[in-house]
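1. just need the structure, nothing else, for what follows:
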Amino acid sequence: MKKIGTRDEAAARRAALRDRLGAEKLQAILVTSTVNVRYLTGFTGSNSLLLLTADEERLFTDPRYTTQSAEEASCEITIVKKGPLLGEAIARIKKAKIRKLGFEKSHISYESHAKLTEELPASVKLTPLDGWVEEARLVKSASEIERIQESVVTNSLAFDRALRRVRPKMTESELAAELDYQQRKLGAEGTAFATIVASGAHSALPHAHPRHEAIGLNRLLLVDMGAQQRGYMSDMTRTVVVGKASRRMRQLYSAVLEAQLAAIDAVRPGVLCAEVDRRARITLRRHGLDKQFIHSTGHGLGLEIHEPPRLGRTEVRTLTPGMVITIEPGVYLPGEGGIRIEDTVLVTETGCDVLTPTPKDLLVI
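-> As a prediction, this is how the structure comes out:
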């Protein structure tokens, strides 16, 4: 199995993008998203541009990455020793006599676009491109799925280890730090996003920030966490109870779990993303909780924690084998608390595989 970021796999991706250039009658594309540069070259540095033409594949970076770029990327490399990378890229565009240049409209600043307009000849037509590389990233290769699975396992193990240390007097911030520490200890490069830990009424905030306040007793405790490992992300939410779970807590939890399982059951090739979202909402409506579900049912992930597709009410994209998504319905009751259950899920040829190994029965600690 080829490993993600290997020269052969990155080269194949660049070749596919160059073929699309020809089909769209463009002579070149300037890739300015560092994530997309990584996908196309394997280069993991924080400062990069990629210029693809019919005759050239050139990565631009700065002297900090001279050795690293040579080790990671198989295309031509220009080390820009003075000034911004874009200036050197413009010089190459002029030298190649490019007349039709595509650029990533969602990944270029106003200042950079102005520089292209001002410094390139008036004869150069700048064409905004919408999500070309992101479309390629939608369906993961076998080696990408392998990396996501590694990240998922690391994330779940970190959760298990950290949960053993939970005590009522422990603060949300202390638990968040423990979760992050355990991820690093297990081999993660870092977190996929800022870890969410929220107890009691604070858990009614879907993206709550951990506080320096005690978790407390007989409260809901919501943990949303993800690891970044070998460049790829994972995402999981679990809601537990510290102390004793009330009947109300158990009823709410059961409703959310039912909605999450209904949404997972809908995941298969050819199904609209909106349909997966609808299944979760229909289930919560039966429990009188649909109005307390205030976000989409899920999202794609990979090199970034939020990637297409979005599993929301109006998303008309269909699921395809190889997509990796989250399924994460939740209900949020101000002054009372919130419950969310989230897994990372792979769309397969016949349905889906839930990659997250952490159990989903209500855990009382």
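
2. make it CA atoms for all contacts and neighbour counts henceforth
-> Fine.

3. and stretch 64-84, C-alpha only, in PDB?
-> Extracted in PDB, the C-alpha atoms of stretch 64-84 (Å, rounded to 0.1, in the frame of the first residue of the first chain):
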ATOM      1  CA  ARG A  64      14.000  27.500   6.400                       C
ATOM      2  CA  TYR A  65      12.700  24.600   4.400                       C
ATOM      3  CA  THR A  66      15.600  24.000   2.000                       C
ATOM      4  CA  THR A  67      16.400  20.500   3.400                       C
ATOM      5  CA  GLN A  68      12.800  19.600   4.300                       C
ATOM      6  CA  SER A  69      11.400  20.500   0.800                       C
ATOM      7  CA  ALA A  70      14.000  18.400  -0.900                       C
ATOM      8  CA  GLU A  71      13.200  15.400   1.300                       C
ATOM      9  CA  GLU A  72       9.400  15.700   0.900                       C
ATOM     10  CA  ALA A  73       8.600  17.000  -2.600                       C
ATOM     11  CA  SER A  74       9.500  15.500  -6.000                       C
ATOM     12  CA  CYS A  75       8.700  18.500  -8.100                       C
ATOM     13  CA  GLU A  76      11.100  21.400  -9.000                       C
ATOM     14  CA  ILE A  77      11.800  23.600  -6.000                       C
ATOM     15  CA  THR A  78      12.700  27.300  -5.800                       C
ATOM     16  CA  ILE A  79      14.000  28.600  -2.500                       C
ATOM     17  CA  VAL A  80      13.100  32.200  -2.300                       C
ATOM     18  CA  LYS A  81      15.800  34.000  -0.400                       C
ATOM     19  CA  LYS A  82      14.500  37.500  -0.400                       C
ATOM     20  CA  GLY A  83      11.000  38.900  -0.400                       C
ATOM     21  CA  PRO A  84       7.600  37.100  -0.600                       C
END
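
4. neighbouring contacts of that stretch?
-> For stretch 64-84, the external contacting residues (CA atoms under 8 Å, 6 or more residues apart in numbering) are 5-7, 11, 41-45, 56-63, 88.

5. try 6 Å
-> Residues from elsewhere that reach stretch 64-84, judged by CA atoms under 6 Å, 6 or more residues apart in numbering: 7, 41, 42, 43, 57, 58, 59, 60, 61, 62, 63.

6. run a quick neighbour tally on the last one.
-> Okay, so that is residue 63. Using other CA atoms under 10 Å as the criterion, residue 63 is surrounded by 13 other residues.

7. equivalent analysis for the fifth one, please.
-> As a burial measure, the neighbour count of residue 57 was computed by other CA under 10 Å and equals 19.

8. could you do the second one as well?
-> Look at residue 41: counted by other CA under 10 Å, it has 28 neighbours.

9. any idea which element the residue nearest the centre of the chain lies in?
-> By CA atoms, centre = their mean, the mean C-alpha position of the chain lies nearest to residue 305, the distance being 1.8 Å. Remark: residue 305 resides in no helix or strand, with elements defined by DSSP states H and E.

10. distance of it relative to residue 162?
-> 22 Å (CA to CA, to the nearest Å).

11. could you do residue 97 as well?
-> From residue 97 to residue 162 the distance is 58 Å (CA to CA).

12. which one's more surrounded, the two?
-> A count of neighbours by other CA under 10 Å puts residue 162 above the other of residue 97 and residue 162, at 19 against 13.

13. just the element for the more buried one, please.
-> Residue 162 belongs to helix 142-163, assigned by DSSP H and E.

14. which elements pack onto that helix?
-> Counting contacts by 3 or more CA pairs under 6 Å, 6 or more residues apart in numbering; DSSP states H and E, helix 142-163 packs against helix 172-185, strand 227-229.

15. closest one to residue 24 among the ones you listed?
-> strand 227-229 (35.0 Å; CA to CA).

16. so in that sheet, which strands flank that closest one, and in what orientation?
-> Sheet pairing for strand 227-229, assigned by DSSP bridges, gives strand 190-191 (antiparallel), strand 232-233 (antiparallel).

17. tell me the contacts of residue 30?
-> Remark: with contacts taken as CA under 6 Å, 6+ apart, residue 30 is in contact with 50, 51, 103.

18. relative to residue 207, which of the helices and strands packed on helix 142-163 is closest?
-> Nearest to residue 207, of all the helices and strands packed on helix 142-163, is helix 172-185, at 13.4 Å by CA to CA.
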